[in-house]
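Colleague: next input, structure requested:
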Amino acid sequence: MPLLTNSYFIMREIAKFIYEVGSLKEIARSGWWLAGIKYPESVAEHSFRVIVIGYILAKLENVDLERVLGMCMLQDLCESRITDLNKVAQRYIDAKTVESKAFKELVKDLPEILKKEFLELFKEYSEQKSSEAILARDADLLENAFQAVEYLERGYKDAEDWITNIGKLLKSDSAKEIYNALLRVKPNEWWKGLKKIER
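Modeller: You can find the predicted model right below:
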């Protein structure tokens, strides 16, 4: 039995929320502009790989998978309202306060069962006290490192700063091990043995 009645007004708010989440496909990750990347990845592209990495980390570290994935999924949603604030922009505003306000407004019209859980997960992620929150943040950082290596391979030399800085911020053993591996593996290695050349 569904947890929500099929009320048109409830479903309408859910539909509006999902459309807003879709707007993240159009919002660029603005920090990469500082590295000279004119058309960087979108927030949605970043978030997809964060979720995949979060799944892997949760399994490797044997923690609550659902909570890690929830935090990975939710942590950048507020950027539909405030865009992606790079580290230079964050020098001039209280990013945590702005993100929290935007997130609360983003979920305020959702059904209570969703709103309550989303707010709890967002708070847990922001506080960075639980193993799950730490892993979700590690997933976010690792995704940045993978993207930085990909941009570096394409000739964007300033992306190297991201790679170096991220290595110092990771907390979980599994994230550190994956980070060490990504430094030794080329972005195109995954397909090198797959192509088949025939005469």
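Colleague: now for the residue nearest to residue 134 when sequence neighbours are not counted, how many residues are close by?
Modeller: Excluding the flanking residues, the one nearest residue 134 by C-beta to C-beta, 6 or more residues apart in numbering is residue 171, at 5.1 Å. C-beta here means a position set from N, CA and C on the backbone, and glycine is covered the same way. Applying other C-beta atoms under 10 Å, we find 13 other residues in the vicinity of residue 171.
Colleague: which ones are touching the closest residue to residue 152 other than its chain neighbours?
Modeller: Nearest non-adjacent residue to residue 152, counting by C-beta to C-beta, 6+ apart: residue 159, 4.5 Å away. Listed by C-beta atoms under 8 Å, 6 or more residues apart in numbering, the contact set of residue 159 reads 32, 35, 37, 148, 149, 151, 152.
Colleague: coming back round to it: ramachandran coordinates for the residue nearest to residue 134?
Modeller: The phi and psi values for residue 171, taken as degrees, to the nearest 10, are phi -110, psi -40.
Colleague: per-residue confidence for it?
Modeller: For residue 171, the pLDDT comes out at 99.
Colleague: now do stretch 36-47: distance to the chain's middle.
Modeller: 12 Å (C-alpha atoms, centre = their mean, to the nearest Å).
Colleague: stretch 92-100 now?
Modeller: 17 Å.
Colleague: pick out the residue closest to the middle of this structure.
Modeller: Central residue of the chain (C-alpha atoms, centre = their mean): residue 47, 3.7 Å from the mean position.
Colleague: and that residue, how far from residue 112?
Modeller: Distance, residue 47 to residue 112, using C-beta to C-beta, to the nearest Å: 25 Å.
Colleague: for residue 61, same thing?
Modeller: 31 Å.
Colleague: who has more neighbours out of these two?
Modeller: Each of residue 61 and residue 112 has its neighbours counted (other C-beta under 10 Å); residue 61 has more, 18 against 8.
Colleague: thought that one was touching residue 172?
Modeller: Yes: counting by C-beta atoms under 8 Å, residue 172 is a contact partner of residue 61 at 5.8 Å.
Colleague: now for these two: what residues contact both?
Modeller: Common neighbours of residue 61 and residue 172 (C-beta under 8 Å, 6+ apart) are 131, 135.
Colleague: how much space between the closest residue in space to residue 173 that isn't next to it in sequence and residue 55?
Modeller: Distances taken as C-beta to C-beta, 6+ apart place residue 61 nearest to residue 173, at 7.6 Å, with adjacent residues excluded. Relative to residue 55, residue 61 is positioned 11 Å away (C-beta to C-beta).
Colleague: can you pull the buried residues of whichever strand or helix holds residue 152?
Modeller: Using DSSP states H and E, residue 152 sits within helix 131-153. Within helix 131-153, the residues that count as buried by 16 or more other C-beta atoms under 10 Å are 131-152.
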